[in-house]
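Visitor: Mind folding the following:
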Amino acid sequence: MSGAAAGPGTLHPPARDPAAPAALALRARLAALIAAELGAPAVAIEADAPLERYGLDSLATVGIVAAVEEEFGAELPPSLLARGPTVETLARFLEGRPGGDPGEDPHAARARMLADAVLPDDVAPAAAGGGARPPAASPPASPFLTGATGFLGAYLLRTLLGETGARVHCLVRTGSGGDGLARIRRNLERYGIWEDAFAERIRVVDGDLAEPRLGLAPPAFAALAEEADAVYHAAAAVNWVYPYDALRAANVAGTLELLRLSGLARAKPFHFVSSMAVCYSTTGPGQVAEDDDMLPHLAGLHLGYAQSKCVAEALVRQAGARGLPVTIHRPALVAGDSRSGASNTDDIVSALLKGCIQMGCAPDLDWVMDSVPVEHAAEAIVRLSLSPGAAGRTFHLANPRARHWRECVLWMRLYGYPLQLLPYPEWLGRLERESAPDGHALRALRPFFLERHGAAGGLTLPELYEDGRRSRASCDASRRALAGAALRCPPLDAGLLDRYFAWLVGDGFLPRPPVAAAAPRPESRVPPLPALFEGVLRRRHNGAGVRLLAARPAPLGGDSIVAELTSWRSGRDTGLFRYALAYRSGTGADRRLDVVVKVKPADHEVVEVGEEVARLCDDAIGSAYARFRDRVGFAGCHLRELAVYAQEDERFRRHAPALLAAHRDDARRQWVLVLEHLSDVTLLDAADDASGWRRPHVEAALRGIAELHAVWYRRERELLAQPWLGHVHDAAGMAEMTPLWHALAEHARPIFAGWAGAGIGAVQARLIEGIARWWRPLEALPRTLIHNDFNPRNVALRDEGGTLRLCAYDWELATLGVPQHDLAEFLCFVLTPDARGEEVAHYVELHRRALERTAGTPIDPEAWRLGFRASLYDLLVNRFAMYALVERFRRQRFLPRVVRTWFALYALDPLEELE
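Guide: You can find the predicted model right below:
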């Protein structure tokens, strides 16, 4: 196999027809004008080469526009110069031909793409016997790598050198007299991953991805094909503005030449780095599996880069069908190094972050920031490429814990950047006005944000990438493969964002935040866990010579954005952790005990993060939240849970995790619980799916909570005297908080309406207006210590020989209230919107009778039902509207169903009947 085939598969520009002197003259005049502006010889400027190759920047663009308009008397549209201009595209525009007009018929453009997606007949693997083929899954000894001077390519090079004994051939475009190894070294040094020992194992191949045979002479191309035993193709022209034609040479023609190389002399494994962007077609399936071919859905890809990758994938798949061992890797956005924070300052995310900081505002879009750390992406590509059965497969490299864009903006506010979320049209107006100067980070990306696509309903690309409009990429098979390769993607959590921003600030790319969070006092960082663990083990074994050998932590996770951000902002490892305690008993036997450790943040730290969440959602909510910040339930939360778990009443101990140890040191801000690790329980953290909560489970939970309610039932005065209780609501205070309830309701109205219909907004408004009246029963009826967050996120059931027993945990919001509050909240979670009235009445009455029996005091059925209705109303105003704040930043899968169920329960007992 040698040479480029003629015909529709030839992707490199053909020679100009000598019978078209006018066309040649036009291109020569344009090349001379452009060369004068760029300070380059006219003969060096190739007609189809992007002008960035010759040093085009924003200042030179202004000069070229002026020169061309003066010479030819034609006004150039701004998008033409913003989207990968070449001499050819400028000439086509001046000639009025397809390929130059940004408004070109998309059908004609797509026809060119489909023609490019046909693999030439002569690209096929060489017949067996042309050279030894490495066995499947064996590490390459002499791989050929493209992209080593880029970001992901740098880490691929480091990984290939570190995980194999290979000598790596690296394609580098050096130009005359350039030093390719020096370019590679500088690139790796920038990210802190260069090692001097690498130099002797790198062989530079001076070539150009966009040229036939990679710009190599035929003998050099053949020699490379003989020596290389695998190809890793990571180089690409990554641009979020350029059209397909501007990216075609590098991304499509370059892939074709590398496939040609892979089949020449002997078949070599070809590992292609594509992009998850190919999955996001507006005409594609709702769920894109790893092996789905997206070429049939090309019409729904409106980003030139995604189009070029989709066409390149088609070529790779056809080569695989002809017998070449090919693997496709589709990474999500490639983020910085999770260990050092080293990041790519030339990518779109970096530009967006910097641009938003410059503007002081961010677009309020429903984006999911799915990004994988660069070192994980590189390790995944190399290890998966060497895994058995990799040939013919496509892998999706995504982050299992992606973050919403609004979460990132919230984090930036907490980091010290005073950002606002603006509705997208308003933000676009600001962008159009403010991004024109050269120094603005988003100047070059203006077409990406501003241009509207007629074929996509007039939406901009950022709107097309919103979560509700794009396809979802399935990653199940890829995650199983990654687990088999012993790889786990670092989550994009607050700590990782901190490392990224610290590097970007230290690099000078981002300005230092004007308001930085205060560092915690050193003594507050680490509570005395080893001493607590040793105490637990001694008590477990009656003090008989137990020795702690190791305590291995693992975060238990959870979905609380407030808890995560509070932990990061405080600089302390607060939150929930599982520890595996390895110890030696007094008999010398090595044993293990799993425990749960809950390290509490100070209440004011939680309140401050909650206030930032509120302010970013809406100024009115933020102001009202700040006014009533001591009444939202967090006051005293760091002390309250310790006190609740310290109860000695047997009824509490029977229905809560065992308290193994507790530690309180107010001076060092240390509040710690060591609890039993729940095992052999059912319906643990089962909030997202109500189907598991059948009648026996619901009844067991209600009998259990009745026993817990009985502990403090009718002991209000004693409970109010407890210093840890925190704020207790009353009807007058709830009415005083009306500004907060109205602000929350206004924010929640469109969210709730999308789930339960427009009528729920009117109901919420009526409830707020009448709160002083209907809330009175919640103050007048008998009260007790309620869990106040009693739902399947915080409960499980123990199965004791067929008898189910409640276990309720996470008591930080516990307060004085009517027991029906916990009942109403629980039923909203475990019932479905089609629940029947008699079913609800059964559970309400069951709870009343269970409490009546265990408390030993009669409870009036009518007063009980009155308290249940009022509790149900309170939930929408005071609890679910708060959930809607979090929903803006982090999806809560249970919430749509819970709100619909609430509305169905409300219809059984509407406000009018209570009044």
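Visitor: which residues in the stretch 251-400 of the chain form helices?
Guide: 254-263, 304-321, 348-359, 374-385 (DSSP state H, counting those that start in this stretch).
Visitor: Pick the most buried one from those helices.
Guide: Comparing the helices of the stretch 251-400 of the chain by mean neighbour count (mean count of other CB atoms under 10 Å), helix 254-263 ranks first with a mean of 26. Just so you know, the C-beta spots here come from the backbone N, C-alpha and C atoms, and that holds for glycine as well.
Visitor: Tell me what angle that one forms with helix 304-321.
Guide: 20 degrees (axes from the mean of the first three to the mean of the last three CA atoms, to 10 degrees).
Visitor: Remind me what helix 254-263 packs against, helices and strands.
Guide: For helix 254-263, the packing partners by 3 or more CB pairs under 8 Å, 6 or more residues apart in numbering; DSSP states H and E come out as strand 143-146, helix 218-227, strand 230-233, strand 270-273, helix 304-321.
Visitor: okay, those in JSON lines with mean pLDDT and distance to R783 next?
Guide: Below are those laid out as JSON lines (pLDDT from 0 to 100; distance: least, CB to CB, whole Å):
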{"stretch": "strand 143-146", "mean pLDDT": "98", "distance to R783": "69"}
{"stretch": "helix 218-227", "mean pLDDT": "97", "distance to R783": "81"}
{"stretch": "strand 230-233", "mean pLDDT": "98", "distance to R783": "67"}
{"stretch": "strand 270-273", "mean pLDDT": "98", "distance to R783": "62"}
{"stretch": "helix 304-321", "mean pLDDT": "97", "distance to R783": "59"}
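Visitor: A60: which of these is closest?
Guide: Nearest to A60 among the helices and strands packed on helix 254-263 is helix 304-321 (21.8 Å), distances taken as CB to CB.
Visitor: May I see the helices of the stretch 251-400 of the chain arranged in TSV, with distance to R499 as well?
Guide: Putting the helices of the stretch 251-400 of the chain into TSV (distance: least, CB to CB, whole Å) gives the following:
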stretch	distance to R499
helix 254-263	33
helix 304-321	27
helix 348-359	14
helix 374-385	12
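Visitor: Go through those helices and name the closest to S570.
Guide: Across the helices of the stretch 251-400 of the chain, S570 has its closest neighbour in helix 348-359 (23.6 Å, CB to CB).
Visitor: Give me the contact list for that closest one.
Guide: For helix 348-359, the external contacting residues (CB atoms under 8 Å, 6 or more residues apart in numbering) are 240, 333, 335, 343-344, 362-363, 369, 371, 409, 412, 417, 419, 427, 430-431, 434-435, 440-442, 444-445, 448, 504, 509-511.
Visitor: Specify the angle between it and helix 304-321 in degrees.
Guide: Angle, helix 348-359 to helix 304-321, by the same axes, to 10 degrees: 170 degrees.
Visitor: CA atoms of helix 348-359 as CSV?
Guide: C-alpha atoms of helix 348-359 as CSV (Å, rounded to 0.1, in the frame of the first residue of the first chain):
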residue,chain,number,x,y,z
ILE,A,348,-12.8,25.8,25.7
VAL,A,349,-13.4,25.2,29.4
SER,A,350,-10.4,27.3,30.5
ALA,A,351,-11.5,30.0,28.1
LEU,A,352,-15.1,29.9,29.5
LEU,A,353,-14.0,30.0,33.1
LYS,A,354,-11.7,33.0,32.4
GLY,A,355,-14.3,34.8,30.3
CYS,A,356,-16.9,34.4,33.0
ILE,A,357,-14.5,35.8,35.6
GLN,A,358,-13.7,38.7,33.3
MET,A,359,-17.4,39.4,32.8
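Visitor: what about it, distance to the chain center?
Guide: Helix 348-359 has its average C-alpha position 17 Å from the chain's average C-alpha position, going by CA atoms, centre = their mean, to the nearest Å.
Visitor: again, but for stretch 728-740
Guide: 37 Å.
Visitor: again with stretch 847-864
Guide: Distance of stretch 847-864 from its chain centroid, counting by CA atoms, centre = their mean, is 47 Å.
Visitor: Then stretch 691-706?
Guide: The answer for stretch 691-706 is 35 Å, by CA atoms, centre = their mean.
Visitor: Can you give me the buried ones in it?
Guide: Using 16 or more other CB atoms under 10 Å as the burial criterion, the residues of stretch 691-706 that qualify are 693, 697-706.
Visitor: cool, and stretch 748-760?
Guide: For stretch 748-760, a neighbour-count test (16+ other CB under 10 Å) marks 748-749, 751-752, 756, 760 as buried.
Visitor: Just give me the neighbour total for E718.
Guide: As a burial measure, E718 scores 9 neighbours (other CB atoms under 10 Å).
Visitor: and if you look at the one 4 residues further on?
Guide: The number of residues packed around Q722, counting by other CB under 10 Å, is 16.
Visitor: Please report how far it lies from A814.
Guide: Distance of Q722 to A814, given as CB to CB, to the nearest Å: 10 Å.
Visitor: can you check L911 too?
Guide: In this view, L911 and A814 are 28 Å apart by CB to CB.
Visitor: So between the two, which is more surrounded?
Guide: Set L911 next to A814 and count neighbours by other CB under 10 Å: A814 wins out with 24 against 18.
Visitor: surely the more buried one meets L639?
Guide: No - contact criterion CB atoms under 8 Å: A814 and L639 do not qualify, at 11.3 Å.
Visitor: that older thread, kindly indicate which of the buried residues of stretch 691-706 lies nearest V205.
Guide: W693 (62.7 Å).
Visitor: and the residue nearest to the closest one when sequence neighbours are not counted, how many residues sit next to it?
Guide: Closest residue to W693 apart from its sequence neighbours, by CB to CB, 6 or more residues apart in numbering: V830 at 3.9 Å. Using other CB under 10 Å, V830 has 27 neighbouring residues.
Visitor: wait, what's in contact with V830?
Guide: V830 makes contact with 690, 693, 697-698, 701, 792, according to CB under 8 Å, 6+ apart.
Visitor: Sort out for me which of those are in strands.
Guide: Among these, no residue falls in strands (DSSP state E).
Visitor: can you name the two of those residues that are farthest apart?
Guide: A690 and A701 (12.7 Å).
Visitor: Columns secondary structure and distance to R112 on top of the buried residues of stretch 748-760, output as JSON lines?
Guide: As requested, the buried residues of stretch 748-760 are exported to JSON lines (DSSP: H, G, I helix; E, B strand; the rest coil; distance: CB to CB, whole Å):
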{"residue": "A748", "secondary structure": "helix", "distance to R112": "48"}
{"residue": "R749", "secondary structure": "helix", "distance to R112": "47"}
{"residue": "I751", "secondary structure": "helix", "distance to R112": "43"}
{"residue": "F752", "secondary structure": "helix", "distance to R112": "47"}
{"residue": "A756", "secondary structure": "helix", "distance to R112": "48"}
{"residue": "I760", "secondary structure": "helix", "distance to R112": "51"}
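Visitor: what's the closest of those residues to A35?
Guide: Of all the buried residues of stretch 748-760, the one with the least separation from A35 (CB to CB) is I751, at 56.7 Å.
Visitor: Quick check: closest non-adjacent residue to the closest one.
Guide: A884 is the one closest to I751 (CB to CB, 6+ apart), at 5.1 Å.
Visitor: so what's that neighbour scoring on pLDDT?
Guide: On pLDDT, A884 comes in at 96.
Visitor: Was I right to think it contacts L744?
Guide: Yes - counting by CB under 8 Å, L744 is a contact partner of A884 at 7.2 Å.
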